[in-house]
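Participant: Build the 3D model from these lines:
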Amino acid sequence: MEETGTPEFNDLYGLIAFVPFSAMKIDFAPADIPLKRRLQTAAVLKWVFCFLAMAPCCILLFIYLLFTRFWLVSVLYATWWIIDRDTPSHGGRKVPLLCCMPLWNYMRDYFPIQLVKTVDLDPRQNYVFGFHPHGILVAGAFTNFCTQATGFNKLFPGLESYLLMLPLWFRAPFFRDYIMCAGLIPSDKDSASYLLRKEDGGNAVVIAVGGALEALDAHPGTHSVLLASKKGFIKLAIEHGAHLVPVYSFGENEVFDQVANPRGTWLRWIQDRLQSIMGVSLPLFHARGIFQYSFGLMPYRKPITTVVGKPIKVEKKEKPSAEDLDALHQLYVDELTQLFEEHKGKYGISEDAHLDLL
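Facilitator: Numbering: from 1, shown residues only. Sure, this is the predicted structure:
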């Protein structure tokens, strides 16, 4: 059936298929699972909780404390928040000790996740890494660029990586301080520019180019990249003379299932509207549980391999023209496509599969 602009009633079956737990045969995990695998599951559970629920919990805690005898904690934190309000947009407050915790090694081994270097990167330069695809929870981007579990500092000595995240999350009390410790900064121009202005180089700003909207296209077996109209990161690179580096994370879309939501359906229409209003997308995803393999919000144990391509040299120009943006954007698309084609066969992707540029 051809896709139309009218939502289809049959899409209800997609939602119904998401919750038939009573009719589902539950495949429980065996009791004799090795301790190492249980620790891996615990590490990923902690990460999923932080991604999905920690910010709301921190907000509720902040409000709750105001109505208890510990109200001074919230008042003092609010004072600190005002004093510290510019820190997220000025490089954050990355704590190397947190990034090197053994906890992240367990998370790496759960999938497992691997970081692959194709060429050396000069630490005297600043870089804009374009990360593709976003996936559901950007597991590859977080593990590779916010922790040292996959050896970023050894593969690219002299470079410090910073992952951009929706500014919304930096408004959550307590949570903002936690995510800054991992090298996360707001995904706005000022925050990225602050790092790219470093004259002696050494900073790598990692941008999930497709953003939250691309998560709505993160289905297993697909290679959709929201890139055709994305030129903000291109302009950012030109204005600062930062070299562009395409990055493709093979397997990123495989670790979660998502309710079918093709464009033109009523579900996708609702998701698009919510994303435009709130800035965050709401994919209806599911995978496995903690103690069973049938349903839940824990990701599947499927490998993720993040390949860092060769840099595209960029000449600094404070006011790039539309032609400059178009030319560099096309070059970036070509390099990303070549990166995908060169490496797809190594990671179980059919030779007939190609990038779907949206």
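Participant: Please look at residue 314 and residue 242 and confirm they touch.
Facilitator: Yes. With contact defined as C-beta atoms under 8 Å, residue 314 reaches residue 242; the gap is 6.3 Å. The way it works is simple: take the backbone N, C-alpha and C, and place the C-beta from them, glycine included.
Participant: Would you mind telling me which of the two has the busier surroundings?
Facilitator: Comparing residue 314 with residue 242 by other C-beta atoms under 10 Å, the one with more neighbours is residue 242, at 28 against 25.
Participant: ok, and the closest non-adjacent residue to the more buried one?
Facilitator: Closest residue to residue 242 apart from its sequence neighbours, by C-beta to C-beta, 6 or more residues apart in numbering: residue 126 at 4.4 Å.
Participant: Please tell me I have it right and that neighbour contacts residue 194.
Facilitator: No. Counting by C-beta under 8 Å, residue 126 does not reach residue 194; the two are 11.1 Å apart.
Participant: Compare these two and say which is more crowded by neighbours.
Facilitator: residue 126 (23 against 19).
Participant: Identify the residues contacting that one.
Facilitator: Contact partners of residue 126, counting by C-beta atoms under 8 Å, 6 or more residues apart in numbering, are 195-196, 198, 201-205, 240-243.
Participant: any chance you could map the helices in the stretch 101-250 of the chain?
Facilitator: Counting by DSSP state H, counting those that start in this stretch, the stretch 101-250 of the chain has helices at residues 102-110, 139-145, 152-155, 175-181, 189-196, 211-214, 232-240.
Participant: So which bits of the third one are buried?
Facilitator: Along helix 152-155, the positions that meet the burial threshold by neighbour count (16 or more other C-beta atoms under 10 Å) are residue 152.
Participant: Report the distance from that helix to the chain centre.
Facilitator: Centre-to-centre, helix 152-155 and its host chain are 19 Å apart (C-alpha atoms, centre = their mean, to the nearest Å).
Participant: sorry, back to before: want to throw the contacts of residue 126 into CSV with pLDDT and distance to residue 356?
Facilitator: Below are those laid out as CSV (pLDDT from 0 to 100; distance: C-beta to C-beta, whole Å):
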residue, pLDDT, distance to residue 356
195, 97, 31
196, 97, 30
198, 93, 36
201, 95, 34
202, 96, 35
203, 97, 31
204, 98, 27
205, 98, 26
240, 97, 30
241, 96, 31
242, 97, 27
243, 98, 26
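Participant: Please tell me how far the closest residue to residue 233 other than its chain neighbours sits from residue 355.
Facilitator: Of all residues beyond its chain neighbours, the one nearest residue 233 is residue 207 (5.1 Å), with distances taken as C-beta to C-beta, 6+ apart. Going from residue 207 to residue 355 by C-beta to C-beta, to the nearest Å gives 18 Å.
Participant: So between those two, which is more surrounded?
Facilitator: With neighbours defined as other C-beta under 10 Å, residue 207 and residue 355 compare such that residue 207 has more, 23 against 19.
Participant: quick one, what contacts that one?
Facilitator: Here residue 207 is in contact with 128-131, 164, 187, 192, 233 (C-beta under 8 Å, 6+ apart).
Participant: Show me what it bridges to in the sheet.
Facilitator: Taking DSSP bridges as the rule, residue 207 bridges to residue 130.
Participant: What pLDDT is listed against it?
Facilitator: We note a pLDDT of 97 for residue 207 in this prediction.
Participant: let's have the chain start at 890 instead
Facilitator: Fine by me, first position is 890 from now on; the one you just mentioned is residue 1096.
Participant: I'd like the contacts of residue 1096 as a markdown table, with pLDDT and distance to residue 932 appended.
Facilitator: Below are the contacts of residue 1096 laid out as a markdown table (pLDDT from 0 to 100; distance: C-beta to C-beta, whole Å):
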| residue | pLDDT | distance to residue 932 |
| --- | --- | --- |
| 1017 | 98 | 30 |
| 1018 | 98 | 24 |
| 1019 | 98 | 28 |
| 1020 | 98 | 22 |
| 1053 | 97 | 24 |
| 1076 | 94 | 25 |
| 1081 | 97 | 29 |
| 1122 | 96 | 31 |
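Participant: tell me the pLDDT at residue 1123?
Facilitator: For residue 1123, the model assigns a pLDDT of 97.
Participant: Is it correct that it is in contact with residue 1216?
Facilitator: No. If you go by C-beta under 8 Å, residue 1123 and residue 1216 don't touch, sitting 9.5 Å apart.
Participant: Between those two, which has more neighbouring residues?
Facilitator: Higher neighbour count among residue 1123 and residue 1216: residue 1123, with 25 against 13, using other C-beta under 10 Å.
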